[in-house]
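Undergrad: let's see this in three dimensions:
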Amino acid sequence: MHLVIGLGPIGGNIGEHLAELGRSVHGYDLNPDRVREWSAATNSPAGSDLAAVDWPAVDSVHIAVRTADQVSSVFESLLELAGRPLTVFVHTTLAPEDARRVFSSAPSSWRAFEAPVSGGPQGARQGSMTIFLAGTCPYRLGRESPGRHVGSRLPDAVLRSAGSGETPQQRLGHIQPGRHCACSILSAELGVPTKDFFEVIGVSTGRSWTSDNFIEVQYDLLLKDIGLLRGEIGSLPAGGPDDDVEQAILQARARLGTDSDLA
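TA: Numbering: from 1, shown residues only. Below is the predicted model of the structure:
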């Protein structure tokens, strides 16, 4: 059985995809509305009490919470409740020092992997995400390995240390939206509405995953990653006219009418 901890846009969709594949899945979230909606959508058990999980049946755990402290808390609960070896995938993006701290608490009997993902809720729902696997033990991912059900782009073996997989992706995650926002500001100054700009980009050589999914991207997660990256490397590549990619993103989305309350 797959245990999915965190039923937000990423974890919830990972769980839905696994259930659609016919896998046995149990969902967990502290939000009762999420638990109820996810359980109804998947026809799978879910709850807010980890002690109620059928632990002898758990083969793999997918953790999709927000912060390093939450991941640490989940690890503590797993150590207390599971009582058996586990395969654990942490899909939360972590600063390298946090990843090393968290994973050092995993017992040697676990196969624990830092597994941040890229592809958004759509990729999670379709099982097409890119996974940046890192871990302390070699692990070859066969066709039926738990990680294969979550993403279509991932390495065949894990040999890197925890904390090594996500920084390049965070850098790209900052650059792409920043560049699009900078160009949308320029287009607005030249009299081209932001909506029209993105329609043009969608059929031009400037097209990218970011431009195709500019409205749907989980920007709270992206901005969290930008903060982690700032903390790791101290500075960021220029993303907009004033290098304030957060404000540039909010301004562009406001002009698109997707965040009218932030306009």
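Undergrad: can you map out the helices along the chain?
TA: 11-20, 32-42, 68-81, 96-104, 120-126, 167-189, 194-201, 209-212, 219-233, 245-255 (DSSP state H).
Undergrad: how about those helices in CSV, adding distance to Leu133 and mean pLDDT?
TA: To be clear about C-beta, it is placed using only N, CA and C from the backbone, and glycine gets the same treatment. Shown next, in CSV, are those (distance: least, CB to CB, whole Å; pLDDT from 0 to 100):
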stretch, distance to Leu133, mean pLDDT
helix 11-20, 15, 94
helix 32-42, 25, 97
helix 68-81, 16, 95
helix 96-104, 12, 86
helix 120-126, 16, 82
helix 167-189, 12, 66
helix 194-201, 32, 80
helix 209-212, 20, 73
helix 219-233, 17, 63
helix 245-255, 27, 72
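Undergrad: for those helices, which one sits closest to Trp110?
TA: For those, the distance to Trp110 is smallest for helix 68-81, at 8.3 Å, taking CB to CB.
Undergrad: picking that back up, switch the helices of the chain over to JSON lines; also include distance to Phe132 and mean neighbour count.
TA: Below are those laid out as JSON lines (distance: least, CB to CB, whole Å; neighbours: other CB atoms under 10 Å):
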{"stretch": "helix 11-20", "distance to Phe132": "15", "mean neighbour count": "24"}
{"stretch": "helix 32-42", "distance to Phe132": "25", "mean neighbour count": "16"}
{"stretch": "helix 68-81", "distance to Phe132": "16", "mean neighbour count": "16"}
{"stretch": "helix 96-104", "distance to Phe132": "11", "mean neighbour count": "18"}
{"stretch": "helix 120-126", "distance to Phe132": "13", "mean neighbour count": "19"}
{"stretch": "helix 167-189", "distance to Phe132": "6", "mean neighbour count": "19"}
{"stretch": "helix 194-201", "distance to Phe132": "26", "mean neighbour count": "17"}
{"stretch": "helix 209-212", "distance to Phe132": "16", "mean neighbour count": "17"}
{"stretch": "helix 219-233", "distance to Phe132": "12", "mean neighbour count": "17"}
{"stretch": "helix 245-255", "distance to Phe132": "21", "mean neighbour count": "20"}
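Undergrad: now render those as a markdown table, adding distance to His62.
TA: Shown next, in a markdown table, are the helices of the chain (distance: least, CB to CB, whole Å):
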| stretch | distance to His62 |
| --- | --- |
| helix 11-20 | 6 |
| helix 32-42 | 13 |
| helix 68-81 | 11 |
| helix 96-104 | 15 |
| helix 120-126 | 10 |
| helix 167-189 | 19 |
| helix 194-201 | 33 |
| helix 209-212 | 23 |
| helix 219-233 | 16 |
| helix 245-255 | 28 |
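Undergrad: kindly export stretch 111-119 (C-alpha atoms) in CSV.
TA: C-alpha atoms of stretch 111-119 as CSV (Å, rounded to 0.1, in the frame of the first residue of the first chain):
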residue,chain,number,x,y,z
ARG,A,111,15.2,3.3,1.9
ALA,A,112,14.7,7.0,2.2
PHE,A,113,15.0,9.4,-0.8
GLU,A,114,14.8,13.1,-1.3
ALA,A,115,12.5,13.2,-4.3
PRO,A,116,11.5,16.8,-5.2
VAL,A,117,9.3,17.0,-8.3
SER,A,118,8.7,19.3,-11.2
GLY,A,119,5.6,19.3,-13.4
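Undergrad: I'd like the average pLDDT over that stretch.
TA: Stretch 111-119 shows a mean pLDDT of 83.
Undergrad: sweet, I'm off.
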